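Undergrad: Attaching a predicted model along with its sequence, questions to come.
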Amino acid sequence: MEDWFSEAGYKKNDGKFVYSNNNVVELNKRIKWTVEKLTSQFGSEQVDVCEPVKNFYNSISTNANLYKNILSLGTQIKQKNENNPNISSNFIRTLMDYQKKSVDHMIQVGNAANFSVPGSGKTTIAYAAISRWMEDGLVEKIFVIGPTSSFLPWEEEYEMCYNKTPRTCRISGNLAREFHKLGDSYDLFLTHFNTAMNRILEICQFMQKWKTVLIIDESHNIKSPELRRWASTALEIAPYAQRRIILSGTPMPNDAKDLWNQITFLWPHNLPLGNQMIYNNYVNKQQGIGQFRTIIDSLFCRIKKSDLNLPKPEWIPHVVPLNTRQKEIYNIIAAKTLKEIQDMQFTEQAKLQKFRIARMIRLLQTASNPTLLYEKSREFDVNSETFSEEFGLPPDKLKLLEIEPTIYDKIVNYSKYEIPSKMVLAAQLSRDLFEKGNKVIIWCSFIHNMAIFKSQLLKEFDPIIINGSTPTEPSEPDNRDELIHEFKNSVEPKVLITTAASLGESVSLHKNLKGEKVSNHAIYLDRNFNAGQYMQSMDRIHRISMDPSVNVEYHLIIAKDTIDEVVHRRLNEKWADMLDALNDDMLRSLDINPNPEKLDATEFNKDYQAMVDHLRRFYGN
């Protein structure tokens, strides 16, 4: 028995075995294991279990029975032909017919996921369910963890759903140390993932004092299979919440391994998908969720694009040949990259991972704009007589890149002779749409390219720029919300240039609060392998309540015979895998054939391998 206690994590102290852990899930596990071990070893009549431990043990058993019933109930609710959720009269907004099943499912399952497509009203669905829990006394406070971009929509939707201004506490800065004492003053608490992971104790204290519904918005951000900080934070605070909700339109942007953390957050005591390592190995082997489909299906609802009766969007790929100098630079960089890959194959894993990421980014930069290889490049000066030394790279950076003198000169002088063909096309498409009276969005991965558009290529249109450096505090001039408001409410055509990381989530850009159309044209200058951001960004202009007569267009600019083609194929593969797991036939209805390529590797390695295959195809011996 002493060996068993030791292996179970107990420490011997003055002849007693003591177990201590602030993690409620781990504590409950030890209580369950210990009681069952002792009673099986000595018989229940010989084991004196004190009242607090007995209550804990009974609650674990009760929770297990509840969970089993919930799995059955969740499936039954989704199979109903008609759902009439029992929402509170305090909820004044009229639910769409396609939202009712999701609300009914969330109310009755209690700890539930909603994986509806972006723009289908997930925030409204959550507020409808919460209205019932509030009226029944199950919940007192709403605590949302999500991207900063989600804060304003949560506040606006609260007012539209309950017809009153929320008492909102945006948790950041110095306030993060004290918010757990402010429950009497606020009803809606909003914080970013970064803040949450540094205030775990305060969040747990808050939820111990107040009956709280804990919501992870854009929950794909906690998907990390390696349980990095955001992911581990979610699991650590989950047991203290009275109710738990996760919301995401793209819950598995890479593959089914992305679901483990999110589903476990909902029922942390019950481990719905079992041990994480075993689950991940199963997914890798089966290339899907397989035997776990029934469990996952019972815990989430999804409104599909086809349920919204939205106009069918149009994907318009523009495969653009590189101009002469850019093509020459790309060929040299690509061939060099392939040689480096072959030379690095026996390098230790940590260094190899950094190497792979760096090479992928370098190829993406070269395919987009060779001047991105230089951190101080400012603008194109084609036909200009002047050239600033700051246009180049510091010596240490040049050494790091190990660029031969010939290619170095070509990159340094690139902007004197040529503008990348992708940027020329993006500017031309924007100009044509702008002159027809449209508001246009350019999605761009690299901030330097955004500056080029603003200072040169689209200078006459004075485009709005939103990226990671844009202020988020309402008190700062030209802050994020202010710029979004300008784009959405301007009576004149506008061009918005932004990154998917900055505006890809939780923002509606299809219409404004007056119901007026904003934008239905998006141009993708360059994309990366982040499928979640890509999928989310597309739904900023293809959303619920849009005018069915509006023609939504996505212009995808792809540099021919470059890594762009690899990215395009891999994004379609990831999208297809997610929709298959969620029983969504969207791709078939849109006539897109992703041709998935199944490789026995992690998702990053799939991306990397696709890049290597591209290099070998064009630059191998």
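TA: In hand now; what should we look at? Please read all numbers here as calculations on a predicted model, not as lab measurements.

Undergrad: what ranges of the stretch 401-550 of the chain fall below the confidence cut-off?
TA: 401-406 (pLDDT under 70).

Undergrad: let me fix that: the stretch 151-300 of the chain
TA: In the stretch 151-300 of the chain (pLDDT under 70), the answer is 224-227, 253.

Undergrad: which residues of it fall in strands?
TA: For the stretch 151-300 of the chain, the strands defined by DSSP state E, counting those that start in this stretch occupy 168-171, 188-191, 212-217, 243-247, 300-301.

Undergrad: Given the first one, what are its sheet partners and their directions?
TA: So that's strand 168-171. Take DSSP bridges as the rule and strand 168-171 pairs in its sheet with strand 188-191 (parallel).

Undergrad: For the strand it pairs with, which outside residues touch it?
TA: Residues outside strand 188-191 that contact it (CB atoms under 8 Å, 6 or more residues apart in numbering) are 141-146, 150-151, 154-155, 158, 166-172, 176, 179, 199, 206. Backbone N, C-alpha and C define where each C-beta goes, glycine included.

Undergrad: Can you say which of those are buried?
TA: Among the contacts of strand 188-191, those scoring as buried are 141-146, 150-151, 154, 158, 166, 168-172, 176, 179, 199, 206 (criterion: 16 or more other CB atoms under 10 Å).

Undergrad: picking that back up, could you list which of the contacts of strand 188-191 belong to helices?
TA: 151, 154-155, 158, 206 (DSSP state H).

Undergrad: May I see those residues organised as a markdown table, with distance to residue 442 added?
TA: Below are these laid out as a markdown table (distance: CB to CB, whole Å):
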| residue | distance to residue 442 |
| --- | --- |
| 151 | 25 |
| 154 | 27 |
| 155 | 28 |
| 158 | 32 |
| 206 | 41 |
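
Undergrad: nearest to residue 300, of these?
TA: Checking the ones in helices among the contacts of strand 188-191 against residue 300 by CB to CB gives residue 154 as the nearest, at 20.5 Å.

Undergrad: Closest to residue 39 out of the ones in helices among the contacts of strand 188-191?
TA: residue 206 (36.4 Å).

Undergrad: and that closest one, how far is that from residue 179?
TA: 7 Å (CB to CB, to the nearest Å).

Undergrad: cool, and residue 511?
TA: 34 Å.

Undergrad: ditto for residue 473
TA: 17 Å.

Undergrad: ditto for residue 55
TA: From residue 55 to residue 179 the distance is 30 Å (CB to CB).

Undergrad: repeat for residue 323
TA: 54 Å.

Undergrad: What of residue 552?
TA: 40 Å.

Undergrad: what separates residue 328 from residue 456, distance-wise?
TA: 23 Å.

Undergrad: Next: residue 165.
TA: 44 Å.

Undergrad: out of those two, which sits in the busier spot?
TA: Legend: neighbour count by other CB atoms under 10 Å for residue 165 and residue 456, higher for residue 456 (15 against 9).

Undergrad: Wait, a strand at the more buried one?
TA: No - assessed with DSSP: H, G, I helix; E, B strand; the rest coil, residue 456 is helix; it does not lie in a strand.

Undergrad: Distance of it relative to residue 229?
TA: For residue 456, the distance to residue 229 - CB to CB - is 40 Å.

Undergrad: List the buried residues of stretch 306-316.
TA: Here stretch 306-316 shows 307-308, 310, 313 as buried, counting by 16+ other CB under 10 Å.

Undergrad: and if you look at stretch 433-443?
TA: So, applying 16+ other CB under 10 Å, buried residues of stretch 433-443: 433-434, 438-443.
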